[in-house]
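Undergrad: Predicted model and sequence below, questions to follow.
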Amino acid sequence: MRTGGSRPPPDATSERPGYSAEMDTLILLRVEEAAILLRLGRTQTYELVMLGKIPSVKIGRRRLVVRDGLKIYIAALLREQI
């Protein structure tokens, strides 16, 4: 058992590698950031984006995921499982 100062338990999101609080406010996310939020691998997230299951936009050479699209994707998964 640990003794010493009382530190609140860390937020689950802050423990994820690559996560930053700034990601909570962004409207468009890099695919890697979306993968972190979804807790999926980068390759699997790219596949979902390219299949159109996760909405994204292309700006120049960059492919960016629409943040609200993540919620839409999750809602679709929930509907499929009912």
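TA: That came in fine, so what should we check first?
Undergrad: name the element L26 belongs to?
TA: Applying DSSP states H and E as the criterion places L26 outside every helix and strand.
Undergrad: got it, and A35?
TA: Going by DSSP H and E, A35 is part of helix 31-38.
Undergrad: Can you list the helices and strands that the following helix or strand past that helix packs against?
TA: The helix or strand immediately downstream of helix 31-38 is helix 42-50, counting by DSSP H and E. Helices and strands touching helix 42-50, by 3 or more C-beta pairs under 8 Å, 6 or more residues apart in numbering; DSSP states H and E, are helix 31-38, strand 62-66. (Each C-beta comes from the backbone N, C-alpha and C, glycine too.)
Undergrad: The ones you listed: which one's closest to A21?
TA: helix 31-38 (12.1 Å; C-beta to C-beta).
Undergrad: For that closest one, list the C-alpha coordinates in CSV.
TA: Backbone C-alpha positions of helix 31-38 (Å, rounded to 0.1, in the frame of the first residue of the first chain) are rendered in CSV as follows:
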residue,chain,number,x,y,z
VAL,A,31,-6.2,10.2,-37.9
GLU,A,32,-3.6,9.3,-35.2
GLU,A,33,-5.5,11.5,-32.7
ALA,A,34,-8.8,9.9,-33.6
ALA,A,35,-7.2,6.5,-33.1
ILE,A,36,-6.1,7.5,-29.6
LEU,A,37,-9.6,8.7,-28.7
LEU,A,38,-11.2,5.5,-30.0
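Undergrad: What residues sit buried inside it?
TA: V31, E33, A34, A35, I36, L37, L38 (16 or more other C-beta atoms under 10 Å).
Undergrad: ok so, going back, can I get the helices and strands packed on helix 42-50 in JSON lines including mean pLDDT?
TA: Converted to JSON lines, the helices and strands packed on helix 42-50 look like this (pLDDT from 0 to 100):
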{"stretch": "helix 31-38", "mean pLDDT": "96"}
{"stretch": "strand 62-66", "mean pLDDT": "96"}
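Undergrad: possible to save those as TSV with distance to P55?
TA: Listed next are these as TSV, based on distance: least, C-beta to C-beta, whole Å:
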stretch	distance to P55
helix 31-38	10
strand 62-66	5
